[in-house]
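Chemist: here's my sequence, what's the structure:
(one chain, ligands or ions: 2)
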Amino acid sequence: MKKALLLVDLQNDFCLNGTLAVHDGDAVIDIANQAMRIFHQHGWPVIATLDWHPANHKSFAINSGTQPGEVGTLNGLTQVWWPTHCVQNTTGASLHPQLEQQYINKRIYKGQDPEIDSYSAFFDNGKRSATALHQWLNSENIQHLTVLGLATDYCVKFTVLDALELGYQTEVIAEGCRGVNLAAGDSEKALHEMSAKGARVIQLHDI
Ligand code: VGL
Ligand code: ZN
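Modeler: Ligands and ions are numbered 1, 2, ... in the order given. Sure thing, here's the model as predicted:
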């Protein structure tokens, strides 16, 4: 059985001193490196997603006349307004410098359309368009995904739920995820939801 490792948004803006820093986000980089080495030894591919917004993206509070952390509606979808983050080709959008990028086989960019947010690595939040991920996994004959990254309660959660809906056998490395936690307990809730929908929540040593 061929698996792929899916690293979600391990970018500077979600790490220490980033504009949307996730508490303890840097701690997952070492877990990601260990997981990549294991997958590499098996000859299994590693995919990295990148949140990749134009500067005028409407999920940014400053572009929508709101404050970060507030919730509203964007083109008919519930939207959390975020601080400006992961602007294309900036340092904030770069993968964390300690991430061993030589192990990455495929990069998936998301969030380029300024009119809609895109938490999942598969689809935008309205499922109006798909990224190249599902097609690429199909072409590689991969039906089993191992996921870790940032943030547990947004991009990891939506990626895992879409993966399950698309029929992938999906596992999440809990210690390799950290969350935004706008409300206390959001990350724990997200892991429970992923588990209830069929994801296996594991530790690195279970791979
Ligand atoms: C993310 C909020 C906004 C994430 C991306 O990677 O979880 N969260 N954009
Ligand atoms: Zn974003």
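Chemist: residues in contact with the closest residue in space to residue 124 that isn't next to it in sequence?
Modeler: Nearest non-adjacent residue to residue 124, counting by Cβ to Cβ, 6 or more residues apart in numbering: residue 118, 4.2 Å away. All C-beta atoms are positioned from the backbone trio N, CA, C, and that covers glycine. Under the criterion of Cβ atoms under 8 Å, 6 or more residues apart in numbering, the contact list for residue 118 reads 51, 110, 111, 112, 124, 125, 131.
Chemist: what's in contact with the longest strand along the chain?
Modeler: Taking DSSP state E as the criterion, the chain has its longest strand at strand 169-178. When contacts are defined by Cβ under 8 Å, 6+ apart, strand 169-178 is touched by residues 22-25, 27-28, 31-32, 35, 143-152, 156, 160, 163-164, 187, 191, 194, 198-204, 206-207.
Chemist: next secondary structure after that strand?
Modeler: Using DSSP states H and E, the next helix or strand after strand 169-178 towards the C-terminus is helix 186-196.
Chemist: between that following helix and strand 169-178, how big is the angle?
Modeler: Comparing the axes of helix 186-196 and strand 169-178 via axes from the mean of the first three to the mean of the last three Cα atoms, to 10 degrees yields an angle of 170 degrees.
Chemist: tell me the helices and strands packed up against helix 186-196.
Modeler: Packing partners of helix 186-196 (3 or more Cβ pairs under 8 Å, 6 or more residues apart in numbering; DSSP states H and E): helix 157-165, strand 169-178, strand 200-202.
Chemist: so how far is the last one off the chain centroid?
Modeler: Yep, that's strand 200-202 we're talking about. A distance of 16 Å separates the centroid of the chain from that of strand 200-202, by Cα atoms, centre = their mean, to the nearest Å.
Chemist: walk me through which strands it pairs with, and which way each runs.
Modeler: strand 169-178 (parallel) (DSSP bridges).
Chemist: buried sites along the strand it pairs with?
Modeler: By neighbour count, and taking 16 or more other Cβ atoms under 10 Å as the criterion, the buried residues in strand 169-178 are 169, 170, 171, 172, 173, 174, 176, 177, 178.
Chemist: kindly state the pLDDT recorded for the residue nearest to residue 140 when sequence neighbours are not counted?
Modeler: If the residues on either side of it in the chain are set aside, residue 140 comes closest to residue 45, at 6.5 Å by Cβ to Cβ, 6+ apart. pLDDT, the model's per-residue confidence, is 98 for residue 45.
Chemist: from residue 12, how far off is the residue nearest to residue 124?
Modeler: Distance, residue 118 to residue 12, using Cβ to Cβ, to the nearest Å: 19 Å.
Chemist: residue 136 too?
Modeler: Residue 136 sits 25 Å away from residue 12 when distances are taken as Cβ to Cβ.
Chemist: tell me which of the two has more neighbours.
Modeler: Under the neighbour definition other Cβ atoms under 10 Å, residue 136 and residue 12 were set side by side, and residue 12 has more, 22 against 16.
Chemist: since that was my last question, I'll sign off now.
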